[in-house]
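K.L.:
Got a predicted structure here, sequence first:
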Amino acid sequence: MRTIFALALLAFVLPALAGEKVHEYRLGNGMQVIVKQDRRAPIAVSQVWYKVGSSYEPAGLTGISHVLEHMMFKGTESHPAGEFSRIIAANGGKENAFTGRDYTAYFQTLSKDRIEVAFELEADRMRNLSLPAEEFAKEVEVVKEERRLRTEDKPNSLTYEQLSAVAYRSLPYAHPVIGWMNDLENLQVEDLLDWYRRWYAPNNATLVVVGDVDPDEVLALAKKHFGPLQPEEIQQLKPLKDPPQRGITRVRVRAPAREPYLVFGFKTPAIGSAEHDWEPYALDMLASILDGGDSARFSRNLIRGREIAVSAGAQYDAFTRLPAMLLVDGTPAKGHDIGELEQALRGEIERLKEELVSEDEMERVRAQVVAAKVYELDSVFYQAMQIGTLETVGLDWRLLDEYVTRIQQVTPEQVRSVAREYLTDEDLTVAVLDPLPLEPGKPKAPQTGDRHGH
């Protein structure tokens, strides 16, 4: 009864939080501006999202979006290197940036009366970046070292990178966000300048502001600072689709590590590429049934129950530009090997194909999934993140309003249906880490790593 009450309350609260007081504009140069009021604290977050990331990069230029993100802090004629961060800090703010497969984003969190400072700085570097060759040469070395530390010296990250590289036949999700080392070594500052001019334009950007702000004032400031910037002719991307896989693909990775590791992925649709619009929500529920906390099936049955795994997880993202994968990973417990772990993990998936999930379990998982969204909305940063992500991958931020309703509508039959349709051997890629002895005297790098690069 408590679960039903929680769901009813969340169903009422989330659409109100997600959809209330959102204002959307488009400047004359094509730049999109989205403002969401949240008056719980006198702060605001400003985020500028560009529709470019590693999935836009051709072979030979992998990692260029991430390198450009680094270079965006190296100054303009008006604001030399280091000034951007110094000015934000002097105004009591925090700032950073991140690169993903489908986007690059820059953000500042400031007192609500300091938001113009962020606009002025972001507008300046949107079109006026200096890109000095000597700074570029130094920053590429920084990125190469980051690649060594975050991927090459982290065996789990290395294994995930190899999984992606062989799983995608045509889609550029095969590229690591940070880039392949050979491409970084051969990257030229001229490549970066061309990439910057091509993609960093107001008509390829979305400004998202969330906080205790007045939408009309934000729009006026956006027009003042971003409005004069000239648009760019943005090339239209060709539609992409992976060819049929036609069977299990396996890859083994041999690297110094403390323990073996398994990760596998099934090709799955995202919102916008699914045959039926309910399928991504059913896949979202399916992943949470397997790995939605201590009471989820992997934890209950494989970690605590049979003690086959010391860790086991499932992950699915419905909000991607291109179809991706539902991922499953784990590390076997002492006395068990990778073969037993794979059999056990896939056994739990097979159960979902054969047996309907009980309504009690569905209700518990729904409550957890929806509650996680509510907790995210408690942060102005994550509210802006959700809006920016959806808009930049080609979806509508209003999908946030629908999320609770769509999750509540998922039936046990639909969970079984997507398991049968997509979690098949024909669409499966498996990567296994075979541990080599750790090098004597070398610090033990943590095995767990960010699956998705930067």
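P.N.:
All right, it came through fine.

K.L.:
so how far is the first residue of stretch 59-73 from its last?
P.N.:
Using CA to CA, to the nearest Å, the end-to-end distance of stretch 59-73 comes out at 26 Å.

K.L.:
now stretch 312-320
P.N.:
23 Å.

K.L.:
quick one: contacts of it?
P.N.:
With contacts defined as CB atoms under 8 Å, 6 or more residues apart in numbering, stretch 312-320 is touched by 101-102, 268, 270-271, 280-281, 283-284, 286-287, 290-291, 298-299, 302-303, 324, 326-331, 341, 345, 389-390, 393, 395, 399, 451. Placement of C-beta: from N, CA and C, glycine included.

K.L.:
and that stretch, what's its mean pLDDT?
P.N.:
For stretch 312-320, mean pLDDT rounds to 96.

K.L.:
what about it, distance to the chain center?
P.N.:
From the chain centre to the centre of stretch 312-320 is a distance of 10 Å (CA atoms, centre = their mean, to the nearest Å).

K.L.:
just stretch 61-73 next, same as before
P.N.:
Distance of stretch 61-73 from the chain centroid (CA atoms, centre = their mean) equals 17 Å.

K.L.:
if we can go back for a sec, which of the contacts of stretch 312-320 fall in strands?
P.N.:
Residues of the contacts of stretch 312-320 located in strands (DSSP state E): 268, 324, 326-331.

K.L.:
can I get these in JSON lines with neighbour count?
P.N.:
Listed next are those as JSON lines, based on neighbours: other CB atoms under 10 Å:
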{"residue": "Thr268", "neighbour count": "26"}
{"residue": "Ala324", "neighbour count": "26"}
{"residue": "Leu326", "neighbour count": "24"}
{"residue": "Leu327", "neighbour count": "24"}
{"residue": "Val328", "neighbour count": "27"}
{"residue": "Asp329", "neighbour count": "25"}
{"residue": "Gly330", "neighbour count": "26"}
{"residue": "Thr331", "neighbour count": "21"}
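
K.L.:
and which of those residues is nearest to Ala431?
P.N.:
Nearest to Ala431 among the ones in strands among the contacts of stretch 312-320 is Asp329, at 9.1 Å by CB to CB.

K.L.:
Tell me what the closest one is bridged to.
P.N.:
Beta-bridge pairing for Asp329 (DSSP bridges): Val263, Gly313.

K.L.:
got a list of what it touches?
P.N.:
156, 160, 261-264, 311-313, 315.

K.L.:
what's the spacing between it and Val430?
P.N.:
Using CB to CB, to the nearest Å, Asp329 is found at 11 Å from Val430.

K.L.:
and for those two, which residues touch both?
P.N.:
With CB under 8 Å, 6+ apart as the test, Asp329 and Val430 both reach 262-264.

K.L.:
how many other residues sit next to Arg26?
P.N.:
Other residues near Arg26 come to 12 when the count uses other CB atoms under 10 Å.

K.L.:
Touching stretch 221-228 from outside, list them.
P.N.:
Identification of contacts with stretch 221-228 by CB under 8 Å, 6+ apart yields 25, 27-29, 31, 33, 115-116, 119-120, 122-123, 126, 202, 207.

K.L.:
Next, give me the two most distant ones among these.
P.N.:
Checking the contacts of stretch 221-228 with CB to CB, the most distant pair is Gly28 and Ile115, at 20.9 Å.

K.L.:
Which of those two has more residues huddled nearby?
P.N.:
Neighbour count, other CB under 10 Å: between Gly28 and Ile115, Ile115 has more, with 24 against 10.

K.L.:
Against which helices or strands is the helix or strand in which the more buried one is found packed?
P.N.:
Assigned by DSSP states H and E, Ile115 falls within helix 115-127. Where contact means 3 or more CB pairs under 8 Å, 6 or more residues apart in numbering; DSSP states H and E, helix 115-127 is packed against strand 43-50, helix 83-90, strand 104-111, strand 205-211, helix 215-225.

K.L.:
right, and those - which one's nearest Arg198?
P.N.:
Between Arg198 and the helices and strands packed on helix 115-127, the shortest separation by CB to CB is 10.7 Å, and it involves strand 43-50.

K.L.:
tilt between that closest one and helix 115-127?
P.N.:
Between strand 43-50 and helix 115-127, the angle comes out at 10 degrees (axes from the mean of the first three to the mean of the last three CA atoms, to 10 degrees).

K.L.:
now the helix holding Ile115 against strand 104-111, angle please.
P.N.:
Going by the same axes, to 10 degrees, helix 115-127 makes 160 degrees with strand 104-111.

K.L.:
how far does helix 115-127 sit from the chain's center?
P.N.:
That offset, for helix 115-127, works out to 25 Å (CA atoms, centre = their mean).

K.L.:
Kindly report the same for stretch 363-376.
P.N.:
Worked out by CA atoms, centre = their mean, stretch 363-376 lies 19 Å from the chain centre.

K.L.:
tell me which residues in it are buried?
P.N.:
Neighbour-count burial for stretch 363-376 flags 364-370, 373, 376 (criterion: 16 or more other CB atoms under 10 Å).

K.L.:
ditto for stretch 418-436
P.N.:
Neighbour-count burial for stretch 418-436 [16+ other CB under 10 Å]: 418-419, 421-423, 427-433, 435.

K.L.:
Select from those residues every entry located in strands.
P.N.:
Judged by DSSP E, the subset of the buried residues of stretch 418-436 located in strands is 428-433, 435.

K.L.:
Taking these together, which two end up most distant?
P.N.:
Maximum distance among those (CB to CB): 23.1 Å, for Leu428 and Pro435.

K.L.:
if we can go back for a sec, state the mean pLDDT of the helix holding Ile115.
P.N.:
Averaging pLDDT along helix 115-127 yields 98.

K.L.:
swap in stretch 209-227?
P.N.:
Rounded mean pLDDT across stretch 209-227 is 98.

K.L.:
what about it, how long is it end to end?
P.N.:
With CA to CA as the measure, stretch 209-227 spans 16 Å from end to end.

K.L.:
Which residues in it does the neighbour count mark as buried?
P.N.:
Buried-residue list, stretch 209-227, by 16+ other CB under 10 Å: 209-213, 215, 218-219, 221-223, 225-227.

K.L.:
Nice, that's everything, thank you.
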